[in-house]
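# Need coordinates for the below:
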Amino acid sequence: MESNNLSSKRINLIKINIEYYFIFIISMLLLVLGIIMVSSASMSFGENYFNDSFYVIRKQIVWSIASIVLLLVFNKIDYHKIAKISNLLMLIGIGLLILVLIPGIGIEVGGSKRWINFIFFSVQPSELIKLIVIIYLSDILNKKYREIYKIKTLLFPPLIFILIATLLIFIEPDFSAAIVLWLIVFIIFYVGEVRLKHILSILSIWALFSTVYLFLEDYRIERIFAFLNKSSAQSSSNFQLNQSLIALGSGHIFGVGLGNSLQKYSYLPEANTDFIFSIIGEELGLVGTILVVVLFFMFAFFGIRIALKAKDYLGRLIAIGITSMIVIQAIMNMFISVGLVPVTGMTLPFISYGGSSLVTNMISVGILLNVSKYRIISTCEEE
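Below you'll find the predicted structure:
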């Protein structure tokens, strides 16, 4: 009788979708554009505040290199493994938000405590908490998928922890971060097939709570009235918007040329962070601003495709959450620059100066790329 010496061997194959390459290329293009524009917009700022024209540029390059490394690392980590520690990540995120408020640890800039000072760098927890909430909420809904039709599944414990994080962000204060955070939450709920009546109920409570908070401080009321009455020159918010519009209008079609902006010389506040889109419009013109809009539109398109093609429910929620986080911030930043929404602190993802924002976004892209991969387990026979 002839013996059979054949045995089975398992082979792991990774299928890379075309969306993977597009998201990676778009992110790198935005990152490079960010380095170029921060270099142009920050030289005057560095000279005035640090007596070093290249101070901000060097820091942005260091953060860019670190963020690329982190993107590559998280691209290799299975997102299921990250989701398994989502509870721990949420506790760490809330812990960091608490540390921000402790005198001597949190750094206060312009009346807001948003940064924790470490020896060689500072961290902005309100940026990190957005990604943490995406992973945490996606994991909770994935584990309790059969019970998401129950309102108590949404309230305990997920929304309790998210509300705690929101309250801590309000205390900083950072209202724009809270808005982005909850927009992401509602999108994840919708894509996650949570009942619409539950989403609308939570949305109504959130809207009421946010409205009350919005009118607690005079400066927030001033920003709202400044937005409604753009002809008033009394508000500092209108001053920022007017300078932003001057920058955008000065660029015309092709811009005044890279490095030739006049508004960055202390005319336009936050030229290398919140209003860098305006500097792009001034130096690179309508062509430059359209390029940025197209890149973020493509990021949204391919990010949504990754979510639609995700191999499981968890991957779909994480992908749509990350895509929403980056695109919503981009839209808000550009809308602020052209006066479509009230002026508030909001960086342009990948492009604005800032380590916490850049690192968070690049880690997010790494996770998004991991979601886009398909692991295929096949078997073959060998003697």
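
# Mind listing what's buried along the helix or strand where V38 lies?
Assessed by DSSP states H and E, V38 sits inside helix 18-41. By 16 or more other C-beta atoms under 10 Å, the buried positions in helix 18-41 come out as 19-20, 22-24, 26-27, 29-31, 33-41. In short, each C-beta sits where N, CA and C put it, glycine included.

# Over to stretch 362-374?
Applying 16+ other C-beta under 10 Å to stretch 362-374 flags 362-373 as buried.

# chain center to it, what's the gap?
Here stretch 362-374 shows a centroid-to-chain-centroid distance of 14 Å under the convention C-alpha atoms, centre = their mean, to the nearest Å.

# what does the average pLDDT come to for that stretch?
For stretch 362-374, the mean per-residue pLDDT is 94.

# Can you pull out the low-pLDDT segments for the stretch 251-383 of the chain?
Counting by pLDDT under 70, the stretch 251-383 of the chain shows low-confidence ranges at 374-383.

# What is the host helix or strand of F302 packed up against?
Using DSSP H and E, F302 sits in helix 276-309. Here helix 276-309 touches helix 18-41, helix 236-251, helix 313-338, helix 355-371, going by 3 or more C-beta pairs under 8 Å, 6 or more residues apart in numbering; DSSP states H and E.

# so how far is it from its chain's centroid?
Distance, centroid of helix 276-309 to centroid of chain: 14 Å (C-alpha atoms, centre = their mean).

# In that helix, which residues are buried?
So for helix 276-309, counting by 16+ other C-beta under 10 Å, buried means 276-285, 288-289, 292, 295-296, 299-300, 302-307.

# quick revisit: now the angle between helix 313-338 and the helix holding V38, please.
30 degrees (axes from the mean of the first three to the mean of the last three C-alpha atoms, to 10 degrees).

# packing partners for helix 18-41?
Using 3+ C-beta pairs under 8 Å, 6+ apart: helix 18-41 touches helix 55-76, helix 276-309, helix 355-371.

# Restrict stretch 161-171 to CA atoms and write it as PDB.
Taking Å, rounded to 0.1, in the frame of the first residue of the first chain, the C-alpha atoms of stretch 161-171 are listed here in PDB:
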ATOM      1  CA  PHE A 161     -16.200  58.100  29.500                       C
ATOM      2  CA  ILE A 162     -16.600  60.300  26.400                       C
ATOM      3  CA  LEU A 163     -18.600  62.900  28.400                       C
ATOM      4  CA  ILE A 164     -15.900  62.900  31.000                       C
ATOM      5  CA  ALA A 165     -13.300  63.600  28.300                       C
ATOM      6  CA  THR A 166     -15.500  66.300  26.900                       C
ATOM      7  CA  LEU A 167     -15.900  68.000  30.200                       C
ATOM      8  CA  LEU A 168     -12.100  68.000  30.700                       C
ATOM      9  CA  ILE A 169     -11.700  69.500  27.200                       C
ATOM     10  CA  PHE A 170     -14.300  72.200  28.000                       C
ATOM     11  CA  ILE A 171     -12.400  73.100  31.200                       C
END
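
# Would you mark the buried spots in that stretch?
Those would be 161-162, 165-166, 168-170, for stretch 161-171 by 16+ other C-beta under 10 Å.

# now what about it, what contacts it?
Contacts with stretch 161-171, where a contact means C-beta atoms under 8 Å, 6 or more residues apart in numbering, come from 90, 93-94, 97-98, 100-101, 126, 129, 133, 136-137, 177-178, 181-182, 185, 213.

# run the last query once more with 6 Å
90, 94, 97, 126, 129, 133, 177-178, 213 (C-beta atoms under 6 Å, 6 or more residues apart in numbering).

# before we move on, what about stretch 240-256?
263, 267-269, 275, 278, 281-288, 337, 339, 343.

# quick one: it to chain centroid distance?
25 Å.

# could you dump it to CSV, C-alpha only?
Taking C-alpha atoms only, stretch 240-256 is exported to CSV below (Å, rounded to 0.1, in the frame of the first residue of the first chain):
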residue,chain,number,x,y,z
GLN,A,240,-8.2,87.8,12.0
LEU,A,241,-10.8,87.0,9.4
ASN,A,242,-10.1,90.3,7.5
GLN,A,243,-6.4,89.6,7.4
SER,A,244,-7.1,86.0,6.3
LEU,A,245,-9.3,87.3,3.4
ILE,A,246,-6.7,89.8,2.5
ALA,A,247,-4.1,87.1,2.2
LEU,A,248,-6.4,84.9,0.1
GLY,A,249,-7.4,87.7,-2.1
SER,A,250,-3.8,88.9,-2.6
GLY,A,251,-2.8,85.6,-4.1
HIS,A,252,-5.2,85.8,-7.2
ILE,A,253,-4.7,82.8,-9.5
PHE,A,254,-1.1,81.8,-9.2
GLY,A,255,0.0,83.6,-5.9
VAL,A,256,2.6,86.1,-5.1
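
# Over to G106: give its phi and psi.
phi -80, psi 140 (degrees, to the nearest 10).

# And for the one 4 residues further on?
For G110, the backbone dihedrals (degrees, to the nearest 10) come out as phi 60, psi 30.

# What is the neighbour count of it?
7 (other C-beta atoms under 10 Å).

# From Y219, how far out is it?
As judged by C-beta to C-beta, to the nearest Å, G110 and Y219 stand 11 Å apart.

# just G339 next, same as before
18 Å.

# now swap in M362 and tell me
M362 sits at a distance of 32 Å from Y219 (criterion: C-beta to C-beta).

# Okay, now the unreliable bits of the stretch 1-150 of the chain?
For the stretch 1-150 of the chain (pLDDT under 70), the answer is 1-13.

# quick one: contacts for E283?
Here E283 is in contact with 255-256, 258, 261 (C-beta under 6 Å, 6+ apart).
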